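Student: Structure for the following, please:
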Amino acid sequence: MKKKVAIIISGGGSNMVSLVKAMQADADFPAEPVLVLSNKPEAGGLAKAEALGVKTVVVDHRPFGKDREAFEAEMNKELEAAGADIICLAGFMRITTPSFPEKWDGRMLNIHPSLLPKFKGLHPQQQALDAGEAESGCSVHVVTPELDAGPVVGQAVVPILEGDTVDELSARIMAKEHQLYPAVLRRFAAGDTSRIEM
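Tutor: Numbering: from 1, shown residues only. Here you go, the predicted structure:
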């Protein structure tokens, strides 16, 4: 029985597209996409998901104001209605309350553009450049209540080149993200939480 995957986005959804295409391209992939949820009605990824035949839903965070629990309860309602077994955060730009990852404990993944535990939070590519690092990359981790701190289940290394700009480094990291995230999801959905290195 394939695991049902819901993907949560806030923007263009390039990682979402790579996940969906990987699941749809291989009959042996142990998971299938059942929902793409966005907190922004204008997110470009929604049209991409629809074009790929995946159901989409918007839970706009703005009407909820500062009531994050009410916003998350509405998201949970949609995720449960879709029968989601696994949640993949793919460019979801909201900090959640602890209760959201706790509800999906051990079943929620996120991708972050740094070699965690280095450079958590915002602008990790700039942080890596500012620190004079020789390499950066991306990490897929299990989501826990603490930001970018859950167990890492996959990492891909990207060298930092002399004279790199944030945009250049980010583009090379994103290319790796599109390889790493589907590879991790394939194993994770099959119950394998051992770490992948790329």
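Student: so where does residue 140 fall, helix or strand?
Tutor: Assessed by DSSP states H and E, residue 140 sits inside strand 135-142.
Student: What ranges does the chain have for its strands?
Tutor: With DSSP state E, the ranges of strands along the chain come out as 3-9, 31-38, 56-58, 86-89, 108-112, 135-142, 152-159, 196-197.
Student: right, and those - which one's nearest residue 15?
Tutor: strand 108-112 (5.9 Å; C-beta to C-beta). Placement of C-beta: from N, CA and C, glycine included.
Student: how big is the angle separating the closest one from strand 3-9?
Tutor: Counting by axes from the mean of the first three to the mean of the last three C-alpha atoms, to 10 degrees, strand 108-112 lies at 40 degrees to strand 3-9.
Student: What is strand 108-112 packed up against?
Tutor: Other helices and strands packing on strand 108-112, by 3 or more C-beta pairs under 8 Å, 6 or more residues apart in numbering; DSSP states H and E, are strand 86-89, strand 135-142, helix 166-189.
Student: As a markdown table, the ones you listed with mean pLDDT and distance to residue 15 would be great.
Tutor: Shown next, in a markdown table, are these (pLDDT from 0 to 100; distance: least, C-beta to C-beta, whole Å):
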| stretch | mean pLDDT | distance to residue 15 |
| --- | --- | --- |
| strand 86-89 | 98 | 8 |
| strand 135-142 | 98 | 10 |
| helix 166-189 | 98 | 6 |
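Student: Rebuild the ones you listed as TSV, extending it with mean neighbour count.
Tutor: Shown next, in TSV, are the helices and strands packed on strand 108-112 (neighbours: other C-beta atoms under 10 Å):
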stretch	mean neighbour count
strand 86-89	24
strand 135-142	23
helix 166-189	19
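Student: and those as JSON lines, adding distance to residue 38?
Tutor: JSON lines is the format used below for those (distance: least, C-beta to C-beta, whole Å):
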{"stretch": "strand 86-89", "distance to residue 38": "12"}
{"stretch": "strand 135-142", "distance to residue 38": "20"}
{"stretch": "helix 166-189", "distance to residue 38": "17"}
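Student: Nearest to residue 23, out of those?
Tutor: When the helices and strands packed on strand 108-112 are compared (using C-beta to C-beta), the closest one is helix 166-189, at 7.7 Å.
Student: Contacts for the closest one next, please.
Tutor: Contact with helix 166-189 is made by 2-3, 5, 14-15, 18-19, 21-23, 29-31, 85-86, 88, 90, 109, 111, 113, 123, 125-126, 128-129, 136-138, 140, 153-156, 158, 160-161, 193-194, 196, 198, as judged by C-beta atoms under 8 Å, 6 or more residues apart in numbering.
Student: returning to that earlier point: of the helices and strands packed on strand 108-112, which is nearest residue 41?
Tutor: Using C-beta to C-beta, the nearest of those to residue 41 is strand 86-89, at 18.4 Å.
Student: what's that closest one in contact with?
Tutor: 3-8, 16, 19, 31, 79, 104, 107-111, 143, 181, 185, 188-189.
Student: Within the sheet, what are the partner strands of it, with directions?
Tutor: strand 3-9 (parallel), strand 108-112 (parallel) (DSSP bridges).
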